[in-house]
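Visitor: Got a predicted structure plus its sequence, pasted below:
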Amino acid sequence: MKILSLSNFIPEQICDTERFVGYTGNTNAISHYCQYAADYISQVLYDNSIDGAVFPKSCDSTRIIKSYIGQTDKFIYQLPVPSRKDEFAITYFAEEIKAYKQAIEAHFGIEITNIEKRIEALNRRNREVKLLYDNLENISYCDYLTGIHKMLTKPLFEQYVPEPKKQDWKGKRVYLIGSFLTDLDILEVMEKSKLRVVGDNLPESGRLVSTIPCKIDYDIYKNIATSILSGRLSPTQNNFGEIIANDIREIKEKEVNGVIFLTRKYCEAYDYLYSVYEKKLRLEGIKSLKISLANSEDHKKFELALEAFSDMI
């Protein structure tokens, strides 16, 4: 089975899913809609190799995905995500994860029995990613994130992070903020503009490595819920103050020269966050650049803006 997943909230401890990393096929399924979600909908509808889709109910865009793909005969599952992190939220999310497991077993006629082994593999994988993240100053960020994307499309027990090439040049130190980055070519443009990414809060990087390891003892579903909810908050969880405070702390620690904010067209959660974020950065005396991507391959028109930003900082 090949299930396309969307968001870090989908529990990889349950079964293999292929993470959505962008789609270049038929993208006419929907317009005037969050680009990331629209491309995901298009792949579920038009890619015949996809057997199912699992996605969260965490923002306006994801809440209505099911209305577009619910009429297919594929496995479609929407996972409610709490915006809180307290014990009640963990208990609630644990029950939702258990229901997700039961739905997969019922639809595909299988029995999932290897959750503990998957937890061990995930903990190992995330440790490997964190080692690279902690060494971003000395490696190619483009290689690093490209390797993660390739890794996330493979079955869990085949996942490993390729060693990125080392970088010994002295570029301007920047920090990336935004949603899952489907247009990786923009990273090559950044490096050509001598912009050196030393940190981020992207779902597939900074937020992934911020999750605590999942335990195996006691209630396995509560352990999974605790681990997933322990990571840095998503803007869809609405706590902008905590998100910004954590990012500013890392930005200062890494002596960042500028911040690049990557938003998605029609993605309200990140647009709202940016409006609050930009004011805080100004007060801290940190320059920022906002780039709004319209689709999965939208990097070319931003080359001049990135070169100018590099000169400015």
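Guide: Nice, thanks for sending it over. Residues are numbered from 1 along each chain as shown.
Visitor: And the closest residue to residue 181 other than its chain neighbours, what's its pLDDT?
Guide: Distances taken as Cβ to Cβ, 6 or more residues apart in numbering put residue 202 closest to residue 181, at 5.8 Å, once the chain neighbours are dropped. The C-beta positions use only the backbone N, C-alpha and C, and glycine is treated the same way. Residue 202 carries a pLDDT value of 96.
Visitor: does residue 202 count as helix, strand or coil?
Guide: coil (DSSP: H, G, I helix; E, B strand; the rest coil).
Visitor: how near is it to residue 95?
Guide: The gap separating residue 202 from residue 95 is 29 Å, by Cβ to Cβ, to the nearest Å.
Visitor: now do residue 79
Guide: 11 Å.
Visitor: who has more neighbours, those two?
Guide: residue 79 (22 against 14; other Cβ atoms under 10 Å).
Visitor: Just give me the longest helix of the chain.
Guide: Longest helix of the chain, by residue count under DSSP state H: helix 87-108.
Visitor: by how many degrees do whichever helix or strand comes after that helix and helix 87-108 diverge?
Guide: Counting by DSSP states H and E, the next helix or strand C-terminal to helix 87-108 is helix 115-133. Helix 115-133 and helix 87-108 are oriented at 120 degrees to each other (axes from the mean of the first three to the mean of the last three Cα atoms, to 10 degrees).
Visitor: Give the buried residues for helix 115-133.
Guide: Across helix 115-133, burial judged by 16 or more other Cβ atoms under 10 Å covers 115, 118-119, 121-123, 125-126, 129-130, 132-133.
Visitor: gap between the residue lying closest to residue 90 once chain neighbours are set aside and residue 97?
Guide: Nearest residue to residue 90 in three dimensions, chain neighbours excluded: residue 225, at 4.8 Å (Cβ to Cβ, 6+ apart). To residue 97, residue 225 is 6 Å away according to Cβ to Cβ.
Visitor: and what of residue 204?
Guide: 20 Å.
Visitor: lowest confidence element among the helices and strands of this structure?
Guide: Every helix and strand in the chain was compared by mean pLDDT, DSSP states H and E; the lowest is helix 60-63, with a mean of 81.
Visitor: Let me see the domain layout of this protein.
Guide: When the chain is parsed with automatic domain parsing, its domains come out as 3-108, 116-312.
Visitor: so how many other residues sit close to residue 183?
Guide: As a burial measure, residue 183 scores 20 neighbours (other Cβ under 10 Å).
Visitor: ok, back up a step: more neighbours: residue 225 and residue 97, which one.
Guide: Between residue 225 and residue 97, counted using other Cβ under 10 Å, the more crowded position is residue 225 (25 against 22).
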